[in-house]
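**Student:** Just to be clear, the model below is a prediction. Sequence and coordinates:
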Amino acid sequence: MSRLRTLFAVALVCLLPSGCGDADPFPEGSTMARVRDRGVLTVGIKFDQPMFGYKDPASGRITGFDAEMARLIAKDLTGSERNIRFVETVSRERENFLAQGVVDLVIATYSITPARAQRVSFTDPYYYAGQDMLVRSGDSTINGVTDLAGKTVCTATGSTSVDRLRDMVPKAGLEIVDAYSICVPALLAGRVDALSTDDTILLGLLAQNRDSLRLVGKPFGREPYGMGVRKEDTAFRDHLNTLITRWLRDGEWDRAYTATIGVSGATSDSSRPPNR
């Protein structure tokens, strides 16, 4: 009889709204809970980087690997990958948009550096890239980073590419602009000699200009990409780390790569973080 009373009590508890299996998975007041209750995840992303974050001029759809990562997060927090709002976030605005609450997080080819980590909280790396160069297809004078001495190189404000170029080729002239999409017409017109940034970003730009540009193909440096959240938001950061670990194990990361960067023929061997 005592056992029957216990089973009956458990059954009654499970009928309550907060009963068995219905405990809130997100702490009250957390970013995860706020996004779930709001029903929309707001993500800072780039709009001009094919294969990572690109806004199609015809459809307006945002495509790329970073966009797919963001949609997986939206699905986890809200139940649907469609519950997402993308905000264009160029390199120099990433920290500001987080601090000001313009976005919930930034996924925008965001290299993890000690200086940036003073202002934002980064997840573990979800992607690794190497810095490389795009040059005009007919230019045979640039075949490695040392060949940039005396040349004019275009890159973006706020990127780690700027610092690496200054360190490795101090005699190169730098044309620093707000977005890499500005570099491409400058390179095609001969106003600059090369465009340098992360190799996978360059692959996307090359795909749009295969007859006019070539990838040098000699990466220098290694860039770990992280998702950025507000500095104090460690609970959200930790939740995102859990998701990244899950995607690396269950194949979601590989599916996202194949559907975006993999279309270029690139392989994920050096880009994929190890399973955690």
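**Tutor:** Happy to help now that I have it.

**Student:** For the rest of this, base every contact and every neighbour count on C-alpha atoms.
**Tutor:** Noted.

**Student:** Just give the number of residues close to Q208.
**Tutor:** For Q208, the count of nearby residues is 12 (other C-alpha atoms under 10 Å).

**Student:** Kindly report the same for the one 3 residues further on.
**Tutor:** A total of 11 residues lie near D211 under the criterion other C-alpha under 10 Å.

**Student:** what's the answer for the one 4 residues further on, then?
**Tutor:** Neighbour count for L215, taken as other C-alpha under 10 Å: 22.

**Student:** backbone phi and psi for it, please?
**Tutor:** With angles defined as degrees, to the nearest 10, L215 sits at phi -90, psi 130.

**Student:** Please renumber the chain so that the first residue is 235 from this point on.
**Tutor:** Noted, 235 is the first residue going forward, which turns the last one into L449.

**Student:** A441 versus that one, what's the distance?
**Tutor:** Distance check for L449 against A441: by C-alpha to C-alpha, to the nearest Å, it reads 10 Å.

**Student:** longest strand of the chain?
**Tutor:** Looking across the chain with DSSP state E, the single longest strand is strand 361-370.

**Student:** Average pLDDT for whichever helix or strand comes after that one, rounded please.
**Tutor:** For strand 361-370, the following helix or strand on the C-terminal side (DSSP states H and E) is strand 386-390. What strand 386-390 shows for mean pLDDT is 95.

**Student:** go on, stretch 449-458?
**Tutor:** Averaged over stretch 449-458, pLDDT sits at 90.

**Student:** First-to-last residue distance for it?
**Tutor:** Length of stretch 449-458, first residue to last, C-alpha to C-alpha: 21 Å.

**Student:** Stretch 415-435 too?
**Tutor:** Per C-alpha to C-alpha, the first residue of stretch 415-435 is 11 Å away from its last.

**Student:** How far away from the center of its chain is that stretch?
**Tutor:** A distance of 20 Å separates the centroid of the chain from that of stretch 415-435, by C-alpha atoms, centre = their mean, to the nearest Å.

**Student:** pLDDT (mean, whole number) over that stretch?
**Tutor:** 94.

**Student:** R510 against T476, yeah?
**Tutor:** No. Under the criterion of C-alpha atoms under 8 Å, R510 is not in contact with T476, lying 9.5 Å apart.

**Student:** So for those two, which sits in the more crowded spot?
**Tutor:** Legend: neighbour count by other C-alpha under 10 Å for R510 and T476, higher for T476 (14 against 10).

**Student:** Next up, phi/psi of T501, please.
**Tutor:** Dihedral angles of T501 (phi, psi; degrees, to the nearest 10) stand at phi -110, psi 160.

**Student:** what number of residues lie near it?
**Tutor:** When neighbours are counted by other C-alpha under 10 Å, T501 comes out with 13.

**Student:** Also V418?
**Tutor:** Using other C-alpha under 10 Å: V418 sits among 23 other residues.

**Student:** Now it: which helix or strand?
**Tutor:** Taking DSSP H and E as the criterion, V418 maps to helix 414-422.

**Student:** I'd like the next helix or strand past that helix.
**Tutor:** With elements assigned by DSSP H and E, the helix or strand that comes after helix 414-422 is strand 428-432.

**Student:** What strands flank that following strand, and is each parallel or antiparallel?
**Tutor:** The pairing partners recorded for strand 428-432 under DSSP bridges are strand 361-370 (antiparallel), strand 386-390 (parallel).

**Student:** what comes up buried for the longest one?
**Tutor:** Judged by neighbour count (16 or more other C-alpha atoms under 10 Å), strand 361-370 contains these buried residues: Y361, Y362, A363, G364, Q365, D366, M367, L368, V369, R370.

**Student:** what residues are up against the nearest residue to the third one once chain neighbours are set aside?
**Tutor:** What that stands for is A363. Of all residues not flanking A363 in the chain, E457 sits nearest, at 4.9 Å (C-alpha to C-alpha, 6 or more residues apart in numbering). Residues near E457 by C-alpha atoms under 8 Å, 6 or more residues apart in numbering: S345, I346, Y362, A363, G364, Q365, D432.
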